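J.: I need the structure of the sequence given here:
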Amino acid sequence: MRGPILIFDSGVGGLSVVAALRQRLSGAALAYVCDDAMLPYGTKNDDWLVARIVSVCETAVRQSGASVLVVACNTASTLALDALRERLAVPVVGTVPAIKPAARLSCSRHLALLATSATVNRAYTQALIDDFAADCRVLRLAADPLVEQAERWLVGGALDQQMMANCLAPLWDDAKLDTVVLGCTHFPLLREALEAAAPRPVTWIDSGDAIARRVAQVVIRPAPLNGPGPAWVTGPEARLASALAAYGFAAPRYLEVPLPGKQTSPVPDGSPTFIDADL
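T.: So this is what the prediction gives:
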C-alpha cells in the first residue's frame with residue numbers, strides 16, 4: 001500500500017509547504033511531524049541537531065509508512081540531508097533558500113536572505129550565493145525571533161509588530177534592495193504581516209512551490225487523500241491541534257523519539273534517493 005507524503009519541520013513552518021503541496025497535489029495523502037519540543041533548531045549545536053533530526057524522521061517514517069519525506073526546514077536541510085539519505089530508504093526532498101529564482105527576478109541585483117542564524121551562516125548557503133547570485137549584492141540577515149512569532153500567531157497569539165519591524169530594519173538600509181528570500185519555512189506564514197511592516201514594496205520569495213513541484217516529480221502516483229492526515233508532535237499534543245486542523249490534519253499524536261545514536265534498520269524497504277527542490 002502506498003504511504004502518505006510526510007512533511008517534517010521543527011515546528012509549524014512546514015505548514016507553509018503543506019499549503020503549496022495541497023495546491024499542486026490536491027488529492028494526495030499527507031502526514032505531518034514536527035519536533036516542537038526542541039524549538040528553535042537554528043540556535044542548537046550542529047552535531048546534536050543531526051542526531052536529533054535523523055532520530056525524529058526515522059521514527060516518523062516508520063510510524064506513518066511514508067512513501068517520501070519532505071524536509072520542510074531550511075536549517076535541517078542545510079545540515080542533515082546526507083545523514084537522512086544514509087539512514088532512510090525512501091526519497092528525501094530537501095529545502096534550500098530560494099536564491100536562484102531571486103537572482104532571476106531581481107532587477108537591481110540587490111537581494112536579501114531572511115533566515116535563521118543557522119541557515120544564514122551555513123557554508124551551503126554561501127555556495128548557493130556563489131553559484132546563482134555571484135553578480136548580486138546579497139544581505140544575509142538572521143531573524144530568529146520571527147520563528148517564535150509564526151509559532152505564536154498560528155496558535156492564535158498576537159504578533160509583536162515592533163519586534164517584527166526591528167528584525168526587518170536592516171533590510172531598508174539598502175535603497176536598491178528589491179527582492180527578499182524567505183529562507184525559513186516559518187516566514188511565509190507571516191507574509192502579510194511582513195509586507196505590512198515593509199516601508200516600501202519588495203518581492204518576497206520562498207521555496208514552497210518549488211518543493212511541491214519536485215515532490216510531484218518524485219511521487220508519480222501518490223496515495224489518495226482519505227480524510228484528515230495523521231500528525232505527530234514531540235511537545236504537548238494539544239498546543240498545535242487547531243493549527244494542524246486548519247491545514248487538514250487530525251489531532252496530533254505524541255511521537256516518542258529514541259535517544260540520538262540508537263541504530264535501527266532503514267525503513268521502509270526501497271532504494272534510497274536524495275533530492276533537493278530545484279529552485
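
J.: can you list contacts of the longest helix belonging to the chain?
T.: In the chain, taking DSSP state H as the definition, the longest helix is helix 46-64. With contact meaning CB atoms under 8 Å, 6 or more residues apart in numbering, helix 46-64 is reached by 3-4, 6, 8, 31, 33, 35, 38, 41, 66, 69, 71, 75-76, 79-80, 83-84, 87-88, 90, 230, 232, 234, 255-262, 264, 267-268. Bear in mind the C-beta positions are built from the backbone N, C-alpha and C, glycine included.

J.: filter those to the buried ones?
T.: 3-4, 6, 8, 31, 33, 35, 38, 41, 66, 69, 71, 75-76, 79-80, 84, 87-88, 90, 230, 232, 234, 255, 257, 267 (16 or more other CB atoms under 10 Å).

J.: quick one: average pLDDT of stretch 50-59?
T.: Taken as a whole, stretch 50-59 carries a mean pLDDT of 95.

J.: and the strands in the stretch 101-250 of the chain, which stretches?
T.: Taking DSSP state E, counting those that start in this stretch as the criterion, the stretch 101-250 of the chain contains strands spanning 110-115, 137-142, 179-182, 203-205, 231-233.

J.: what residues are bridge-paired with A115?
T.: A142 (DSSP bridges).

J.: hmm, N74 and it touching each other?
T.: Yes. Counting by CB atoms under 8 Å, A115 touches N74, with 6.2 Å between them.

J.: what is in contact with the two at once?
T.: With CB under 8 Å, 6+ apart as the test, A115 and N74 both reach 97, 183-184.

J.: state the three-state secondary structure for V92.
T.: strand (DSSP: H, G, I helix; E, B strand; the rest coil).

J.: and it, how far from I5?
T.: V92 is 12 Å from I5, where distance means CB to CB, to the nearest Å.

J.: between those two, which one's more packed in?
T.: I5 (29 against 25; other CB atoms under 10 Å).

J.: now do the phi/psi pair for that one.
T.: phi -80, psi 120 (degrees, to the nearest 10).

J.: one more: V18?
T.: Torsion angles, degrees, to the nearest 10, at V18: phi -60, psi -40.

J.: OK, contacts around it?
T.: Residues in contact with V18 (CB under 8 Å, 6+ apart) are 7, 30, 32, 72, 247-248.

J.: which residues of the protein score low on pLDDT?
T.: 1, 42, 259-279 (pLDDT under 70).

J.: show me how it divides into domains.
T.: 5-96+209-276, 99-206 (automatic domain parsing).

J.: show me where the stretch 101-250 of the chain has helices.
T.: Remark: helices assigned in the stretch 101-250 of the chain by DSSP state H, counting those that start in this stretch are 117-120, 123-132, 145-154, 161-168, 191-197, 208-218, 241-246.

J.: which parts of the fifth one are buried?
T.: It refers to helix 191-197. Those would be 193-194, 197, for helix 191-197 by 16+ other CB under 10 Å.

J.: now, which of those residues sits nearest W172?
T.: Of all those, A197 has the smallest distance to W172: 10.2 Å, by CB to CB.

J.: return the residues in contact with that closest one.
T.: 161, 164-165, 168.

J.: what is the neighbour count of G157?
T.: With other CB under 10 Å as criterion, G157 counts 11.

J.: sorry, back to before: just among the shared contacts of A115 and N74, which is most surrounded?
T.: Neighbour-wise, the shared contacts of A115 and N74 (other CB under 10 Å) top out at C184, 36 neighbours.

J.: for E148, state which of the buried residues of helix 191-197 is nearest.
T.: A193 (13.5 Å).

J.: which residue is the nearest non-sequential neighbour of the closest one?
T.: L159 (5.6 Å; CB to CB, 6 or more residues apart in numbering).

J.: touching, that neighbour and E151? I think so.
T.: No. L159 is beyond contact range of E151, at 11.2 Å (criterion: CB under 8 Å).

J.: among the contacts of A197, name the buried ones.
T.: By 16+ other CB under 10 Å, these give 164, 168 as buried.

J.: spatially, which two of the contacts of A197 are the most separated?
T.: Q161 and L168 (10.8 Å).

J.: if we can go back for a sec, drop anything exposed from the contacts of V18.
T.: Judged by 16+ other CB under 10 Å, buried ones among the contacts of V18: 7, 30, 32, 72, 247-248.
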